[in-house]
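**Student:** show me the folded form of this:
(chains A, B, C and D)
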There are 2 protein chains.
Amino acid sequence: MAGRNLVGPEADALDLGAVFRALADEHRRSVLTELAADRSDSERGCNSFDLPISKQTQTHHFRVLREAGLIDEIDYGNRKGIRLRRADIEKRFPGLLTLLEAEPPGGTAPRRAQLSTPEGSPSRP
Amino acid sequence: MAGRNLVGPEADALDLGAVFRALADEHRRSVLTELAADRSDSERGCNSFDLPISKQTQTHHFRVLREAGLIDEIDYGNRKGIRLRRADIEKRFPGLLTLLEAEPPGGTAPRRAQLSTPEGSPSRP
DNA sequence: CTTCAGGTACGATGCAAGTCGTACTTGAAG
DNA sequence: CTTCAAGTACGACTTGCATCGTACCTGAAG
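**Tutor:** Numbering: from 1, shown residues only, chains lettered A, B, ... in the order given. Prediction:
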């Protein structure tokens, strides 16, 4: 068949845990945010995302996204195409892409939250 | 004010990355799934979840969930209460709790996906 | 008071994951 | 053919994180 080349899980087999693990990484989440924002779902080159990481790491991240069932990777040998599996995601996890679409394009800073009882009503005076 | 005790981020400051990182763990996701399934949003004891991990690890997980803004922890010194921040989550990430609610109670097995080009149309014949 | 269960703080440990260097493959261009 | 850019495979390194052991704190019960 002509279409998907490097395959991921079927639409019904998408695992929410794998999806959350995939989207836990900032770079992978930015890729999905960009893909979710483009409603045409056109095939994109993997270097069309400006990821500040090396080629090998990009390969790793796209692989994780594919194994989570979020994207298709079309292998042209020399080049690679990326396509969002919007229909499958919407069918299995309706509303998920909307959450990503609503995110600011730059993404949120990975600051870490405060550690303990800063204000309000502390436990011990 | 009387209500929240150990505080997390404000409703508008909830970070999608922190939420995904929190829900990437199987134990934390099972806690949120249980909380999302109970529409009464009643306060629960932290040992009401049957987590097969030690006390210290449970403390760690509830802390991560609180810092992600998903739960409130009410400290009674001797005991601790857990409450889902349903309104804040629904306001900031509408549909997220629905995704968790639709999950099977046992959760999906943490199997790892296949590694590469298993079938379909392999790149090299 | 002492005892006890629930919870936390701190540190150590083991494993998973993100990152990159080197080398190899692929297809197009010359 | 050779050259070159894009991508991958393999391995090493480093960081992050889940887990638990020990010790300490808290409040209730006796």
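
**Student:** alpha carbons only for contacts and neighbour counts from here, please
**Tutor:** OK.

**Student:** what does stretch A:73-93 rub up against?
**Tutor:** Applying CA atoms under 8 Å, 6 or more residues apart in numbering or on different chains, the external contacts of stretch A:73-93 come out as A:3-7, A:11-12, A:14, A:32, A:35-36, A:41-46, A:62, A:66, A:69-72, A:96-97, B:99, B:123.

**Student:** centre of the chain to it, how far?
**Tutor:** Distance of stretch A:73-93 from its chain centroid, counting by CA atoms, centre = their mean, to the nearest Å, is 11 Å.

**Student:** equivalent analysis for stretch A:24-42, please.
**Tutor:** 6 Å.

**Student:** buried residues in it?
**Tutor:** Buried residues in stretch A:24-42, counted by 16 or more other CA atoms under 10 Å in any protein chain shown: A:24, A:26-37.

**Student:** distance of A:Gly69 from chain B?
**Tutor:** 10 Å (CA to the nearest CA, to the nearest Å).

**Student:** what number of residues lie near that residue?
**Tutor:** Neighbour count of A:Gly69, defined by other CA atoms under 10 Å in any protein chain shown: 25.

**Student:** can you confirm it is in a helix?
**Tutor:** No. Using DSSP: H, G, I helix; E, B strand; the rest coil, the assignment for A:Gly69 is coil, not a helix.

**Student:** which pLDDT value belongs to it?
**Tutor:** For A:Gly69, the model assigns a pLDDT of 98.

**Student:** related to what we said a few turns ago, out of the contacts of stretch A:73-93, which are inside helices?
**Tutor:** Residues of the contacts of stretch A:73-93 located in helices (DSSP state H): A:Leu32, A:Leu35, A:Ala36, A:Phe62, A:Arg66, A:Leu96, A:Leu97, B:Leu99.

**Student:** check which helices and strands the helix or strand containing A:Thr59 sits against.
**Tutor:** Assessed by DSSP states H and E, A:Thr59 sits inside helix A:55-67. Under the contact definition 3 or more CA pairs under 8 Å, 6 or more residues apart in numbering or on different chains; DSSP states H and E, helix A:55-67 sits against helix A:26-37, strand A:71-75.

**Student:** and that helix, what's buried?
**Tutor:** A:Gln58, A:His61, A:Phe62, A:Arg63, A:Val64, A:Leu65, A:Arg66, A:Glu67.

**Student:** got it, and stretch A:86-102?
**Tutor:** A:86, A:88-89, A:92-101.

**Student:** just these that are near DNA strand C?
**Tutor:** With the criterion set as CA under 7 Å from any atom of the strand, no member of those is near DNA strand C.

**Student:** now these as TSV including pLDDT?
**Tutor:** Shown next, in TSV, are the buried residues of stretch A:86-102 (pLDDT from 0 to 100):
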residue	pLDDT
A:Arg86	98
A:Asp88	98
A:Ile89	98
A:Arg92	97
A:Phe93	98
A:Pro94	97
A:Gly95	97
A:Leu96	98
A:Leu97	98
A:Thr98	98
A:Leu99	98
A:Leu100	98
A:Glu101	96
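
**Student:** nearest to DNA strand C, of those residues?
**Tutor:** A:Leu100 (17.6 Å; CA to the nearest atom of the strand).

**Student:** which residue, other than its chain neighbours, is closest to that closest one?
**Tutor:** A:Thr33 (5.2 Å; CA to CA, 6 or more residues apart in numbering or on different chains).

**Student:** re earlier: out of the buried residues of stretch A:86-102, who's nearest A:Ser54?
**Tutor:** A:Leu100 (24.3 Å; CA to CA).

**Student:** my guess is the closest one meets A:Arg28, correct?
**Tutor:** No. A:Leu100 lies out of contact with A:Arg28 (CA atoms under 8 Å); the separation is 11.5 Å.

**Student:** which bits of chain A sit near DNA strand D?
**Tutor:** A:45-47, A:55-56, A:58-59, A:75, A:77-81, A:124.
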